[in-house]
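In: build me a structure from this.
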Amino acid sequence: MTRSLEAILDHAADLETLDTSGVAPTVHVLPLPTPLRPDEALDTVAPEAAVANAPQAEGTAFLVPKVLDSEAEG
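Out: Here you go, the predicted structure:
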């Protein structure tokens, strides 16, 4: 794993030596258009309906298993 990280860091160092001053930050190698759709407000789903089929819910909130410990718990 150390060798992989070293290879990644070496490659990043190589990239830092490149002159990219004339390259726009959003340049792509192919001239692809960005597909956009009109920004239209749509009807919203009632919160009760959104959680209706949830495995666990409390009121209008989804209940999910805890995945991170708090800092106080160590």
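
In: please enumerate the helices of the protein.
Out: 2-16, 47-50 (DSSP state H).

In: please export the C-alpha coordinates of the last one as CSV.
Out: Read it as helix 47-50. Once non-C-alpha atoms are left out, helix 47-50 reads as follows in CSV (Å, rounded to 0.1, in the frame of the first residue of the first chain):
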residue,chain,number,x,y,z
PRO,A,47,-43.6,13.9,3.9
GLU,A,48,-45.9,11.2,5.2
ALA,A,49,-46.0,9.6,1.8
ALA,A,50,-42.2,9.8,1.5
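
In: on that earlier part again, out of the helices of the chain, which one sits most buried?
Out: helix 47-50 (a mean of 12; mean count of other CB atoms under 10 Å). Heads up, the C-betas are built off the backbone N, CA and C, glycines and all.

In: avg pLDDT for it?
Out: The average of the pLDDT scores along helix 47-50 is 95.

In: and it, what does it pack onto?
Out: Helices and strands touching helix 47-50, by 3 or more CB pairs under 8 Å, 6 or more residues apart in numbering; DSSP states H and E: there are none.
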